[in-house]
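Trainee: predicted model, plus sequence, below.
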Amino acid sequence: MERKPSETMRILTIDTLERLNLSSAGNPRFKVTFTNGESAQTQSDASVNYGIENSEYRGVPLKVTFSPNGRITYIEVAKSQP
């Protein structure tokens, strides 16, 4: 995924997920707490909400992309450097 200039990306590991109320469009949302103690919510109506519960994202470093307002818009497993 190509990031927009206003977005930021960080390497983080998920500690816990908390399901929040559905968005006004009926899509899931989450509060994500990372192992460093920081937390953020997923962007409403973003596709990240449909994959964030997958086991492939548990306990591994992730590339987490944040919107300008600090919402999670995209995640992927961080590739290890050779």
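Mentor: Structure's in. What do you need? Not measured: the values here are computed from a predicted model.
Trainee: the strands in the chain, which residues?
Mentor: All strands of the chain, identified by DSSP state E, fall at 8-12, 14-19, 30-34, 39-41, 62-66, 72-77.
Trainee: packing partners of the last one?
Mentor: With contacts defined as 3 or more C-beta pairs under 8 Å, 6 or more residues apart in numbering; DSSP states H and E, the packing partners of strand 72-77 are strand 62-66. (C-beta placed from N, C-alpha, C; glycine too.)
Trainee: list the residues that contact the residue nearest the centre of the chain.
Mentor: Nearest to the geometric centre of the chain sits residue 72, at 4.3 Å (C-alpha atoms, centre = their mean). The neighbourhood of residue 72, defined by C-beta atoms under 8 Å, 6 or more residues apart in numbering, consists of 32, 40, 41, 42, 43, 46, 48, 52, 64, 65, 66.
Trainee: that one bridge partners, please.
Mentor: Beta-bridge pairing for residue 72 (DSSP bridges): residue 42, residue 66.
Trainee: leaving out the residues flanking it, which one is nearest to residue 24?
Mentor: Of all residues not flanking residue 24 in the chain, residue 44 sits nearest, at 7.7 Å (C-beta to C-beta, 6 or more residues apart in numbering).
Trainee: looking at the strands of the chain, spot the one closest to residue 56.
Mentor: strand 72-77 (6.4 Å; C-beta to C-beta).
Trainee: if you count neighbours, what's buried in the closest one?
Mentor: Neighbour counts over strand 72-77 (16 or more other C-beta atoms under 10 Å) mark 72, 73, 74, 75 as buried.
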